[in-house]
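Asks: here's a sequence, model it:
(2 chains)
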Amino acid sequence: MEASCYHCGDSCGKHPIVFDEKKFCCTGCKTVYELFSENDLSCYYDYAEQAGTTPEVTEKYTFLDKPEIIEKLLEFEDANIAVVNLYIPHIHCSSCIWLLENLQKLNDNIRHSQVDFPKKTVRITYKTEAYTLRELVSLLGKIGYTPYISLENLDKKKTKTDRSLFYKLGIAGFAFGNVMFLSFPEYFEVSEFWLDRYKHVFRWVMFAFSLPVVFYAAQDYFIAAYKGLRAKSLTIDVPIALGIIVLFIRSTTEIVLDIGSGFFDSLTGLVFFLLVGKFFQQKTYAFLSFERDYKSYFPIAVTRVKHQSGKIIEESIQVYEIQNGDHLLIRHNELLPVDAKLLSPEALLDYSFVTGESKSVAKTVGEKLFAGGKQLEGAIEVEALAAVEQSYLTKLWSQEIFSKDKDASYKNIITKVSRHFTWIVLLIAFVSTAIWLYLDASQALQVFTAVLIIACPCALALSAPFTLGNMLRIFGYQKFYLKNAQVIEKLAQADTLVFDKTGTMTSQEEKQITYEGVALTPEEQSLLTASLRSSNHPLSRSLYSFLQSQNITTLDSFSEEIGKGITAIKGKQEIKIGSANFVGIQTDNKLEETSVYIKMQPDYKGKYIFVNKYRKGLQTLFRRLKNNYHLVILSGDNDSQREKLMQILPSETQMFFKQSPEDKLNYIKRLQAEGKKVVMIGDGLNDAGALAQSDVGIALSENTNVFSPACDAILDATKFAALDTFLKASKKTIHIIKASFMLSFFYNVIGLYFAVTGQLSPVIAAILMPLSSISVLAFVTVYANVSAKKMGL
Amino acid sequence: MSVIYLLLALSICVAIVFFVVFLLSVKRGQYDDLHSPAVRMLFEDELVEKTSNNLTSKNQKS
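Replies: Numbers count the residues shown, from 1 in each chain, chains lettered A, B, ... in the order given. Next up is the predicted model:
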């Protein structure tokens, strides 16, 4: 078995670098280890083994010298102290926390640092006299914790975390507990002497406690009910708000007129339980973002090159300042922020951000490059053809769908039920009042308010948030992260599934390698593997691991031309490995696959073809889905894979190729116009429009640390084959909610019996309300968990 | 029996004290990140230099 790196846990290959009796996969990891052990930070390896990552060596932080950029990134700054909050995607374990909170050992100018683990951010306080932000960021990069700084950081308004729900919950809980204590004596011994004497004090204290509950903690329900009424829809908030108002007014009247003790316990309990439900539903994944647009992918600044009287001036400018005709320098691993024309002889671009396709594209001088490509080999110079907002890719975001709030217009299951519910309750209230007016007019008002109080749909309002919130968590454990609970309801209604092909149905990492050409002799084979071993290019690496050599020979000479290929000599044999151009052969047609060509001087031998593998379980997944859903594939690629797909997928599947991002968006729009409920499953920025337009946009992600475009849900790629289970579980969730409605209606009927017959006493209300709520909660929680277990979630 | 006024006032005062402490802890951001403090408390003390926690809370306010 091959040893794994002491620092990062990657495989060390056959020849690990040994240092301090520990094995490392590369010098980068070794350097980090040395740095840590010199600064008494070797504990890093105690908290979690192999926690590190290979450091990235870049020089791309020149923009951090610009004061106006620094100013926007810093959270706080005065004469000699600055605070910066940096997002570091690599934060993943306790060692990370420990190391990042001990940064001051690496540099004295760092005063203090604190990690927010769920958000993956670190807040660093440093001295500005002798230290700059650029040095700080480089230090973090050097130890493998490269902060992610993007265009988004510049635009971001300082968002305040909303803690009002905590306050409201605290107030309601506090009041509920105290009111319960205070009202307890009166439940049983109404006519006892001492109680009778002091009951007024108790009642007024309860009244005081209920004030902040009604006027602060419950205010959201009043606002929502008012909004609902104005929009002429009877949302669940209407009967709730009505119930709260009636409870408060009747209780206050009762204690003022000394009729009874009021329903303050039920009132505060009701608000408390409702808020608990709200809190439970608000499960958020702080480390994920569902709102990303191109800004989170794009760099803050680029290097502009000016040729002035023979001299070359380089300056770092903000991306928004780029103008048509500017000459830009794009360094190794930098992202091209605008559409541009290539000025350097050659470029190798990775468009995986845009298309989800990991195959890099070679371009030659004069060709047009689209924004979003990442330069892979060396630095290139380009001429900007448009400003950032007018680039081909970024124009997609000017479509109206991105400014529309999908959730606002959605009528959820609760709203549909509460419409009927509210009318029925009002009807019962008026009919029973009318009857009591006839029987005993003095009781009529009591009965009217009692009906409204007892019908206040606490259990009803709680069942949906708890079921949805519970399912949201179960999905989260299974690496299917939803933006909010409403997504489950929408998933349950879906009847059409639209898939992107590249990157969604195919895996980005796993490649199938096949060889085409003249078979190689064992000597040639060993020369090939020996040459590949010396190369760091991703294709060489994956080909090397595919070939699995036995005997390693040493090479006489080796040279690698970046972005083109390798030349190696052993004895009389010379081998050339690389692109078609490099090897010197004409490719017969413009094949779309990635290939590595092999030439044993002087003959061309053959090529290794890299094809993206389809994800495991794709075939069976489609087969399971085809009965219940209309299946569509929208691909940005050409139709070279059509035959293959038709073989493995059910014949009902519709396929469309060469779809631009706008085409995809418009296709979804057309489906929706036909009344279809569409779920889009995509991954790249090219799917962003379709993801936003669809009823539910699911972004597939191989690594949740890496960004995915704006969407309603993020699905971990390893769980792709379980998609049908998630859909089924969503349907089940709605079923559970409906069942729980039955249960809460049952409690309502019991309560209404007491109310209509004029027997509703505070004790009955105080027992019935928590009892119904808690039993409904227990019902939905147990039911949801059991059904999830059954489905294998 | 009028001592009940005093007892009632006292008990409510105690309750309010705890309630205010809760509000302050929310305000200081104690409920914003529930994971890192749980990990942080398990680190060996002697390895960590004295860091002043007041610093960050001051900065948050500013």
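
Asks: ok, the residue in chain A positioned nearest to chain B - how many residues close by?
Replies: Closest contact between chain A and chain B, by CB to the nearest CB, is at A:Phe117 (4.1 Å). In this view, the C-beta of every residue, glycine as well, is placed from N, C-alpha and C. Burial of A:Phe117 is recorded as 23 neighbouring residues (other CB atoms under 10 Å in any protein chain shown).

Asks: surely it is in contact with B:Pro37?
Replies: No. With contact defined as CB atoms under 8 Å, A:Phe117 does not reach B:Pro37; the gap is 9.1 Å.

Asks: quick revisit: list the contacts of the residue of chain A closest to chain B.
Replies: A:Phe117 makes contact with A:91, A:97, B:33, B:35-36, B:39, according to CB atoms under 8 Å, 6 or more residues apart in numbering or on different chains.

Asks: and the helices in chain B?
Replies: In chain B, the segments counted as helices under DSSP state H are B:3-27, B:36-40, B:54-61.

Asks: buried deepest among these, which one?
Replies: Ranked by mean neighbour count, these are led by helix B:36-40 with a mean of 15 (mean count of other CB atoms under 10 Å in any protein chain shown).

Asks: who does that helix touch, helix- and strand-wise?
Replies: If you count contacts as 3 or more CB pairs under 8 Å, 6 or more residues apart in numbering or on different chains; DSSP states H and E, helix B:36-40 packs onto helix A:94-100, strand A:110-116.

Asks: among the ones you listed, show the one with the smallest mean pLDDT.
Replies: Sorting the helices and strands packed on helix B:36-40 by mean pLDDT places helix A:94-100 lowest, at a mean of 81.

Asks: near chain B, anything from that helix?
Replies: Yes. Interface with chain B: helix A:94-100 contributes A:94, A:97-98 (CB under 8 Å from any CB of the partner chain).

Asks: quick one: distance of that helix to the chain centre.
Replies: Offset of helix A:94-100 from its chain centre (CA atoms, centre = their mean, to the nearest Å): 23 Å.

Asks: quick check, A:Asn612 in a helix?
Replies: No. Counting by DSSP: H, G, I helix; E, B strand; the rest coil, A:Asn612 is not found in a helix; it is strand.

Asks: surely it touches A:Thr502?
Replies: Yes. Between A:Asn612 and A:Thr502 there is a contact at 6.9 Å, judged by CB under 8 Å.

Asks: next one, pLDDT for the residue of chain A closest to chain B please.
Replies: Note on A:Phe117: pLDDT of 83.

Asks: can you report phi and psi for it?
Replies: phi -60, psi -50 (degrees, to the nearest 10).

Asks: let me know the closest of the contacts of A:Phe117 to A:Ile681.
Replies: A:Ile91 (28.2 Å; CB to CB).

Asks: quick check: the closest one touching A:Glu101?
Replies: No. With contact defined as CB under 8 Å, A:Ile91 and A:Glu101 do not form a contacting pair (11.2 Å).

Asks: which residues do those two both contact?
Replies: Common neighbours of A:Ile91 and A:Glu101, using CB under 8 Å, 6+ apart, are A:Val115.

Asks: kindly export the helix or strand containing A:Gln647 (C-alpha atoms) in CSV.
Replies: Using DSSP states H and E, A:Gln647 sits in helix A:642-648. Output in CSV follows, covering the C-alpha atoms of helix A:642-648 (Å, rounded to 0.1, in the frame of the first residue of the first chain):
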residue,chain,number,x,y,z
ARG,A,642,-26.5,10.9,-28.6
GLU,A,643,-26.2,7.3,-29.7
LYS,A,644,-24.5,6.3,-26.4
LEU,A,645,-27.2,8.0,-24.4
MET,A,646,-30.0,6.5,-26.4
GLN,A,647,-28.6,3.1,-25.6
ILE,A,648,-28.4,3.5,-21.9
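
Asks: buried stuff in it?
Replies: Using 16 or more other CB atoms under 10 Å in any protein chain shown as the test for burial, helix A:642-648 gives A:Leu645.

Asks: then stretch A:386-393?
Replies: With burial defined by 16+ other CB under 10 Å, the residues of stretch A:386-393 counted as buried are A:386-388, A:391-393.

Asks: doesn't A:Gly170 belong to a strand?
Replies: No. Per three-state DSSP, A:Gly170 lies outside any strand segment and is helix.

Asks: number of residues surrounding it?
Replies: For A:Gly170, the tally of surrounding residues (other CB under 10 Å) stands at 19.

Asks: nice, that's everything, thank you.
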